[in-house]
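structure for this input, please:
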Amino acid sequence: MKRKLVFLLCVLCLIAALPISVSADMGPKPSVRVRFRNMGEELCYGTLLSSTPSTGPASVWDGNEDTAYYKGSTANPSCPLEYDIWKAFVDYQDADGYYFLQTAVSKVSETGEIAWTYYPPQRFKILLYYPESGRFAVSGICERYAFDTYYTVDMSGAEFGSVEYDRENSTDARIDAYRSYEWRQELLSLFARILITIVIEMGVAFLFGFFGKKAVFLLLVVNTVTQIALNVLLNVINYHSGQAAFVVWYILMELLIFAAEAVVYAIWLRKFDSEPRKRRFYVLYALVANAASFATGLLISHLLPGIF
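Numbers count the residues shown, from 1 in each chain. Predicted structure coming up:
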(Lines give C-alpha, C1' and ligand atoms only; values in the text may rest on other atoms or scores of the structure.)
Protein backbone atom coordinates (compact mmCIF):
# COMPACT_ATOMS: atom_id res chain seq x y z
CA MET A 1 0.00 0.00 0.00
CA LYS A 2 2.75 2.46 0.95
CA ARG A 3 4.71 1.64 -2.21
CA LYS A 4 1.66 2.40 -4.34
CA LEU A 5 1.15 5.75 -2.62
CA VAL A 6 4.82 6.68 -2.96
CA PHE A 7 4.71 5.82 -6.67
CA LEU A 8 1.54 7.89 -7.16
CA LEU A 9 3.05 10.89 -5.38
CA CYS A 10 6.20 10.65 -7.52
CA VAL A 11 4.08 10.72 -10.68
CA LEU A 12 2.22 13.79 -9.41
CA CYS A 13 5.50 15.56 -8.72
CA LEU A 14 6.77 14.82 -12.22
CA ILE A 15 3.59 16.23 -13.78
CA ALA A 16 3.79 19.33 -11.59
CA ALA A 17 7.36 19.85 -12.82
CA LEU A 18 6.27 20.34 -16.46
CA PRO A 19 7.92 23.51 -17.80
CA ILE A 20 5.69 26.55 -18.03
CA SER A 21 6.82 29.63 -19.96
CA VAL A 22 6.00 33.07 -18.57
CA SER A 23 5.94 36.44 -20.29
CA ALA A 24 4.75 39.97 -19.55
CA ASP A 25 1.75 39.42 -21.83
CA MET A 26 1.02 35.90 -20.64
CA GLY A 27 -2.41 34.35 -20.94
CA PRO A 28 -4.98 33.98 -23.70
CA LYS A 29 -6.66 37.03 -25.17
CA PRO A 30 -10.25 37.48 -26.38
CA SER A 31 -10.83 36.56 -30.00
CA VAL A 32 -13.36 36.98 -32.79
CA ARG A 33 -13.63 34.48 -35.65
CA VAL A 34 -15.98 34.89 -38.59
CA ARG A 35 -16.47 31.90 -40.89
CA PHE A 36 -17.94 32.09 -44.37
CA ARG A 37 -20.06 29.70 -46.38
CA ASN A 38 -20.79 29.75 -50.13
CA MET A 39 -18.10 32.33 -50.87
CA GLY A 40 -17.98 31.62 -54.58
CA GLU A 41 -14.82 31.74 -56.71
CA GLU A 42 -14.27 35.51 -57.03
CA LEU A 43 -11.21 36.87 -55.19
CA CYS A 44 -12.34 38.42 -51.90
CA TYR A 45 -10.65 40.07 -48.93
CA GLY A 46 -12.30 40.62 -45.57
CA THR A 47 -11.69 42.50 -42.36
CA LEU A 48 -13.52 43.71 -39.26
CA LEU A 49 -14.38 47.37 -38.77
CA SER A 50 -14.14 48.68 -35.22
CA SER A 51 -16.54 51.02 -33.42
CA THR A 52 -13.49 52.74 -31.89
CA PRO A 53 -10.43 54.21 -33.67
CA SER A 54 -8.07 51.89 -31.79
CA THR A 55 -7.99 48.69 -29.77
CA GLY A 56 -4.86 47.13 -28.32
CA PRO A 57 -1.96 47.86 -30.72
CA ALA A 58 -4.27 48.30 -33.75
CA SER A 59 -5.40 51.77 -34.81
CA VAL A 60 -6.89 53.68 -37.72
CA TRP A 61 -4.45 55.19 -40.20
CA ASP A 62 -3.71 58.81 -39.31
CA GLY A 63 -2.41 59.81 -42.74
CA ASN A 64 1.24 59.43 -41.73
CA GLU A 65 3.26 57.05 -43.92
CA ASP A 66 5.10 55.83 -40.81
CA THR A 67 1.87 54.33 -39.44
CA ALA A 68 0.65 52.66 -42.64
CA TYR A 69 0.60 48.85 -42.60
CA TYR A 70 0.87 47.34 -46.07
CA LYS A 71 3.45 45.37 -48.03
CA GLY A 72 6.64 47.43 -48.38
CA SER A 73 5.47 50.21 -46.05
CA THR A 74 7.88 52.03 -43.74
CA ALA A 75 6.03 50.88 -40.62
CA ASN A 76 5.87 47.22 -41.61
CA PRO A 77 7.66 46.33 -44.87
CA SER A 78 7.11 42.60 -44.30
CA CYS A 79 3.32 42.98 -44.08
CA PRO A 80 1.70 40.63 -46.64
CA LEU A 81 -1.21 43.00 -47.40
CA GLU A 82 -0.93 44.53 -50.87
CA TYR A 83 -1.14 48.32 -51.13
CA ASP A 84 -4.23 48.34 -53.37
CA ILE A 85 -6.20 46.21 -50.91
CA TRP A 86 -5.05 48.28 -47.95
CA LYS A 87 -5.97 51.51 -49.76
CA ALA A 88 -9.46 50.23 -50.62
CA PHE A 89 -10.17 49.43 -46.97
CA VAL A 90 -8.66 52.74 -45.80
CA ASP A 91 -10.83 54.72 -48.24
CA TYR A 92 -14.01 52.87 -47.35
CA GLN A 93 -16.47 55.12 -45.49
CA ASP A 94 -18.84 53.24 -43.24
CA ALA A 95 -22.42 54.43 -42.78
CA ASP A 96 -22.14 54.04 -39.00
CA GLY A 97 -18.68 55.58 -38.73
CA TYR A 98 -16.84 52.32 -38.03
CA TYR A 99 -13.07 52.24 -38.57
CA PHE A 100 -10.61 50.07 -40.47
CA LEU A 101 -7.71 49.44 -38.04
CA GLN A 102 -5.23 47.97 -40.55
CA THR A 103 -5.31 44.50 -39.04
CA ALA A 104 -7.17 41.18 -39.26
CA VAL A 105 -7.31 41.29 -43.07
CA SER A 106 -7.81 37.89 -44.65
CA LYS A 107 -8.14 36.55 -48.19
CA VAL A 108 -11.45 34.94 -47.30
CA SER A 109 -11.99 33.48 -50.77
CA GLU A 110 -9.16 31.12 -49.82
CA THR A 111 -9.22 30.89 -46.01
CA GLY A 112 -12.99 31.10 -45.50
CA GLU A 113 -12.37 32.96 -42.24
CA ILE A 114 -11.52 36.29 -40.64
CA ALA A 115 -9.72 35.91 -37.31
CA TRP A 116 -8.94 38.75 -34.89
CA THR A 117 -7.14 37.04 -32.02
CA TYR A 118 -5.42 39.92 -30.22
CA TYR A 119 -7.57 42.57 -28.52
CA PRO A 120 -10.49 42.58 -30.99
CA PRO A 121 -13.06 45.38 -30.73
CA GLN A 122 -16.13 44.93 -28.54
CA ARG A 123 -18.43 46.10 -31.34
CA PHE A 124 -17.56 45.57 -34.99
CA LYS A 125 -18.82 45.12 -38.53
CA ILE A 126 -17.72 42.60 -41.15
CA LEU A 127 -16.48 44.17 -44.39
CA LEU A 128 -15.73 42.24 -47.59
CA TYR A 129 -13.98 43.65 -50.66
CA TYR A 130 -13.88 42.13 -54.15
CA PRO A 131 -10.91 43.79 -55.92
CA GLU A 132 -11.70 42.37 -59.37
CA SER A 133 -15.04 44.18 -59.48
CA GLY A 134 -14.48 46.87 -56.86
CA ARG A 135 -17.51 45.72 -54.86
CA PHE A 136 -18.05 45.82 -51.09
CA ALA A 137 -20.34 43.89 -48.77
CA VAL A 138 -20.84 44.90 -45.16
CA SER A 139 -22.69 43.43 -42.20
CA GLY A 140 -24.75 45.09 -39.54
CA ILE A 141 -23.26 45.81 -36.11
CA CYS A 142 -21.99 42.72 -34.27
CA GLU A 143 -20.74 42.35 -30.71
CA ARG A 144 -18.38 40.10 -28.84
CA TYR A 145 -20.71 37.90 -26.81
CA ALA A 146 -18.13 35.51 -25.31
CA PHE A 147 -14.42 35.43 -24.57
CA ASP A 148 -13.98 33.52 -27.84
CA THR A 149 -16.68 34.84 -30.16
CA TYR A 150 -17.77 32.99 -33.31
CA TYR A 151 -19.94 34.22 -36.16
CA THR A 152 -20.92 32.54 -39.42
CA VAL A 153 -21.86 34.31 -42.66
CA ASP A 154 -23.71 32.63 -45.52
CA MET A 155 -22.88 34.50 -48.73
CA SER A 156 -25.41 32.80 -50.97
CA GLY A 157 -27.66 35.39 -52.60
CA ALA A 158 -25.73 38.44 -51.31
CA GLU A 159 -25.96 41.67 -53.30
CA PHE A 160 -23.16 44.20 -53.49
CA GLY A 161 -22.66 47.92 -53.61
CA SER A 162 -20.01 50.16 -55.15
CA VAL A 163 -16.64 51.35 -53.83
CA GLU A 164 -17.92 54.91 -53.49
CA TYR A 165 -20.09 55.63 -50.47
CA ASP A 166 -23.08 57.90 -50.74
CA ARG A 167 -24.89 58.50 -47.44
CA GLU A 168 -28.27 58.93 -49.18
CA ASN A 169 -27.95 56.30 -51.91
CA SER A 170 -25.65 53.67 -50.45
CA THR A 171 -26.11 50.23 -51.99
CA ASP A 172 -23.58 48.39 -49.83
CA ALA A 173 -24.93 44.93 -49.11
CA ARG A 174 -25.95 44.04 -45.58
CA ILE A 175 -24.63 40.54 -45.21
CA ASP A 176 -26.16 38.53 -42.40
CA ALA A 177 -23.93 37.14 -39.65
CA TYR A 178 -25.21 34.85 -36.92
CA ARG A 179 -23.66 33.63 -33.72
CA SER A 180 -22.16 30.18 -34.00
CA TYR A 181 -20.43 29.34 -30.74
CA GLU A 182 -19.11 25.77 -30.73
CA TRP A 183 -21.40 24.34 -28.07
CA ARG A 184 -20.94 20.75 -29.27
CA GLN A 185 -17.19 20.92 -28.64
CA GLU A 186 -17.79 22.50 -25.24
CA LEU A 187 -20.24 19.76 -24.22
CA LEU A 188 -17.87 17.01 -25.39
CA SER A 189 -15.04 18.62 -23.42
CA LEU A 190 -17.30 18.90 -20.38
CA PHE A 191 -18.25 15.21 -20.54
CA ALA A 192 -14.61 14.17 -21.10
CA ARG A 193 -13.37 16.15 -18.08
CA ILE A 194 -16.04 14.70 -15.79
CA LEU A 195 -15.48 11.13 -16.96
CA ILE A 196 -11.67 11.32 -16.75
CA THR A 197 -11.78 12.82 -13.25
CA ILE A 198 -14.20 10.21 -11.90
CA VAL A 199 -12.15 7.35 -13.36
CA ILE A 200 -8.94 8.71 -11.81
CA GLU A 201 -10.43 9.33 -8.36
CA MET A 202 -12.06 5.90 -8.28
CA GLY A 203 -8.74 4.36 -9.31
CA VAL A 204 -7.08 6.11 -6.36
CA ALA A 205 -9.90 4.84 -4.12
CA PHE A 206 -9.08 1.25 -5.07
CA LEU A 207 -5.40 1.92 -4.31
CA PHE A 208 -6.50 3.04 -0.85
CA GLY A 209 -8.41 -0.21 -0.39
CA PHE A 210 -12.00 0.99 -0.71
CA PHE A 211 -13.83 -2.01 -2.18
CA GLY A 212 -17.06 -2.24 -0.15
CA LYS A 213 -20.29 -1.63 -2.10
CA LYS A 214 -21.49 1.16 0.21
CA ALA A 215 -18.09 2.87 0.19
CA VAL A 216 -17.81 2.67 -3.60
CA PHE A 217 -21.38 3.94 -4.04
CA LEU A 218 -20.69 6.92 -1.74
CA LEU A 219 -17.49 7.73 -3.63
CA LEU A 220 -19.28 7.57 -6.99
CA VAL A 221 -22.10 9.83 -5.81
CA VAL A 222 -19.79 12.41 -4.21
CA ASN A 223 -17.40 12.49 -7.18
CA THR A 224 -20.20 12.72 -9.73
CA VAL A 225 -21.94 15.59 -7.92
CA THR A 226 -18.77 17.59 -7.26
CA GLN A 227 -17.36 17.08 -10.75
CA ILE A 228 -20.57 18.03 -12.54
CA ALA A 229 -20.84 21.20 -10.42
CA LEU A 230 -17.15 22.01 -10.88
CA ASN A 231 -17.04 21.49 -14.64
CA VAL A 232 -20.34 23.20 -15.45
CA LEU A 233 -19.16 26.26 -13.51
CA LEU A 234 -15.76 26.13 -15.24
CA ASN A 235 -17.46 26.04 -18.64
CA VAL A 236 -19.49 29.14 -17.75
CA ILE A 237 -16.32 30.92 -16.57
CA ASN A 238 -14.43 29.94 -19.72
CA TYR A 239 -17.30 31.19 -21.92
CA HIS A 240 -17.39 34.63 -20.31
CA SER A 241 -13.82 35.18 -19.09
CA GLY A 242 -11.49 32.84 -20.98
CA GLN A 243 -8.82 30.30 -20.09
CA ALA A 244 -6.80 32.45 -17.68
CA ALA A 245 -9.82 32.85 -15.38
CA PHE A 246 -10.61 29.17 -16.03
CA VAL A 247 -7.23 28.11 -14.56
CA VAL A 248 -7.48 30.41 -11.52
CA TRP A 249 -10.99 29.23 -10.65
CA TYR A 250 -10.01 25.64 -11.37
CA ILE A 251 -7.36 25.81 -8.63
CA LEU A 252 -9.62 27.61 -6.13
CA MET A 253 -12.55 25.25 -6.65
CA GLU A 254 -10.34 22.17 -6.45
CA LEU A 255 -9.23 23.38 -3.01
CA LEU A 256 -12.85 23.88 -1.94
CA ILE A 257 -13.82 20.45 -3.26
CA PHE A 258 -10.91 18.87 -1.40
CA ALA A 259 -12.05 20.49 1.87
CA ALA A 260 -15.66 19.41 1.36
CA GLU A 261 -14.76 15.86 0.35
CA ALA A 262 -12.32 15.54 3.26
CA VAL A 263 -15.15 16.30 5.71
CA VAL A 264 -17.63 13.95 3.98
CA TYR A 265 -15.12 11.09 3.75
CA ALA A 266 -13.86 11.50 7.32
CA ILE A 267 -17.44 11.17 8.59
CA TRP A 268 -19.43 9.03 6.14
CA LEU A 269 -16.85 7.03 4.24
CA ARG A 270 -15.39 5.91 7.53
CA LYS A 271 -18.83 4.56 8.53
CA PHE A 272 -19.21 2.63 5.28
CA ASP A 273 -15.64 1.33 5.17
CA SER A 274 -15.35 -2.41 5.82
CA GLU A 275 -12.28 -1.71 7.96
CA PRO A 276 -12.65 1.75 9.53
CA ARG A 277 -9.36 3.60 9.93
CA LYS A 278 -8.26 6.88 11.48
CA ARG A 279 -9.95 9.98 10.11
CA ARG A 280 -6.72 11.40 8.74
CA PHE A 281 -6.53 8.39 6.39
CA TYR A 282 -9.74 9.54 4.66
CA VAL A 283 -8.50 13.13 4.54
CA LEU A 284 -5.31 11.82 2.92
CA TYR A 285 -7.40 9.97 0.32
CA ALA A 286 -9.32 13.16 -0.52
CA LEU A 287 -6.02 15.03 -0.89
CA VAL A 288 -4.32 12.40 -3.07
CA ALA A 289 -7.42 11.78 -5.23
CA ASN A 290 -7.94 15.47 -5.96
CA ALA A 291 -4.23 16.06 -6.51
CA ALA A 292 -4.13 13.12 -8.94
CA SER A 293 -7.12 14.36 -10.95
CA PHE A 294 -5.82 17.94 -10.95
CA ALA A 295 -2.31 16.92 -12.05
CA THR A 296 -3.70 14.64 -14.74
CA GLY A 297 -5.90 17.50 -15.93
CA LEU A 298 -2.81 19.70 -16.28
CA LEU A 299 -1.03 16.97 -18.22
CA ILE A 300 -3.96 16.38 -20.58
CA SER A 301 -4.46 20.13 -21.12
CA HIS A 302 -0.78 20.28 -22.10
CA LEU A 303 -1.07 17.35 -24.52
CA LEU A 304 -4.68 17.82 -25.70
CA PRO A 305 -5.61 21.51 -25.14
CA GLY A 306 -8.95 21.05 -26.92
CA ILE A 307 -10.34 19.00 -24.01
CA PHE A 308 -9.51 21.50 -21.25
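
so how far is Leu188 from the closest residue to Thr67 other than its chain neighbours?
Computed as Cβ to Cβ, 6 or more residues apart in numbering, the closest residue to Thr67 that is not its neighbour in sequence is Ala75, at 5.6 Å. Every C-beta, even on glycine, is put in place using the N, C-alpha and C of the backbone. Applying Cβ to Cβ, to the nearest Å, the value for Ala75 to Leu188 is 43 Å.

circling back to that earlier point, the residue nearest to Thr67: what's it in contact with?
In this structure, Ala75 makes contact with 65-69, judged by Cβ atoms under 8 Å, 6 or more residues apart in numbering.

in PyMOL, select just the buried ones from the residues you listed.
Buried residues within the contacts of Ala75, by 16 or more other Cβ atoms under 10 Å, are selected in PyMOL with:
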select buried, resi 68+69
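
got the contacts of Ala75 as JSON lines, with secondary structure columns?
Listed next are these as JSON lines, based on DSSP: H, G, I helix; E, B strand; the rest coil:
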{"residue": "Glu65", "secondary structure": "helix"}
{"residue": "Asp66", "secondary structure": "helix"}
{"residue": "Thr67", "secondary structure": "helix"}
{"residue": "Ala68", "secondary structure": "coil"}
{"residue": "Tyr69", "secondary structure": "coil"}
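
closest to Leu220 among the contacts of Ala75?
For the contacts of Ala75, the closest approach to Leu220 (Cβ to Cβ) belongs to Tyr69, at 57.4 Å.

just give me the neighbour total for Asp84.
Number of residues near Asp84 (other Cβ atoms under 10 Å) recorded here: 10.

just confirm it is within a helix.
Yes: counting by three-state DSSP, Asp84 is part of a helix.

so it sits right up against Glu132, yeah?
No: counting by Cβ atoms under 8 Å, Asp84 stays clear of Glu132, with 11.3 Å between them.

could you point out the longest helix in this protein?
In the chain, with assignment by DSSP state H, the single longest helix is helix 213-241.

gap between the following helix or strand past that helix and the chain center?
On the C-terminal side of helix 213-241, the nearest following helix or strand under DSSP states H and E is helix 243-264. Computed by Cα atoms, centre = their mean, to the nearest Å, the chain-centroid distance of helix 243-264 equals 20 Å.
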